[in-house]
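Asks: This is a predicted model, with the sequence first.
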There are 2 protein chains.
Amino acid sequence: MSEDENIVYIGRKPVMSYVLAVITHLNRPDAKEVVLKARGRAITTAVDTAEVTRRRFMSELTVDKISIGTEELPQEVGGTRAVSTIEITLKL
Amino acid sequence: MSEDENIVYIGRKPVMSYVLAVITHLNRPDAKEVVLKARGRAITTAVDTAEVTRRRFMSELTVDKISIGTEELPQEVGGTRAVSTIEITLKL
């Protein structure tokens, strides 16, 4: 889980690690929004993170935008593999 | 995979089964849009279905709306378990 500006990258950790990252992010004095980015199997975790944060911890949080896309990942054997991505913008 | 009006429910089948369902749906004479609905682990498959359909088969297709939510599923042992959901609306 890395954090860059207002982005939280979602990977294979448990949902609560990312929920905590989002809350930490949004508790900064000037924080207004946070973007969850995930690809492949982590897409479900990104949706879980948004929902758990909103329902259990920060009811004033709204889903501002959701976009999906595709990334071409280079393969070790050569060529690329397409993987789906999601970006969820949460706003205070 | 069941289909109701313009809804395609995404489950555990391979992505291409749902891509085919979406294409079949949108090839009807009066079809303008289709809604992909999924929950839990199938959320990733829903995003894959939208992306593969759009990129490989129907480039005129656009993502009109994406919404996420939570459903309370009753448990056999009693109580409920929260599961995340997604709805992706694709428009011609």
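Replies: The structure has been received and is ready for your questions. Keep in mind that this is a model prediction, so the values were computed, not measured.
Asks: Just give me the neighbour total for A:Phe57.
Replies: 13 (other CB atoms under 10 Å in any protein chain shown). Heads up, the C-betas are built off the backbone N, CA and C, glycines and all.
Asks: cool, and A:Pro74?
Replies: Quick note: A:Pro74 (other CB under 10 Å) scores 9 neighbours.
Asks: again with A:Asp30
Replies: By other CB under 10 Å, neighbour count at A:Asp30 equals 4.
Asks: Tell me where the model's unsure across chain A.
Replies: A:1-4 (pLDDT under 70).
Asks: Residues of it that sit close to chain B?
Replies: Within reach of chain B by CB under 8 Å from any CB of the partner chain, chain A has these residues: A:40-41, A:43-44, A:47-48, A:50-52, A:55, A:63, A:66-70, A:82, A:84, A:86, A:88.
Asks: switch the cut-off to 7 Å
Replies: A:40-41, A:43-44, A:47-48, A:50-51, A:55, A:63, A:66, A:68, A:70, A:84, A:86 (CB under 7 Å from any CB of the partner chain).
Asks: can I assume A:Ala46 sits in a strand?
Replies: No: applying DSSP: H, G, I helix; E, B strand; the rest coil, one finds A:Ala46 to be helix, outside a strand.
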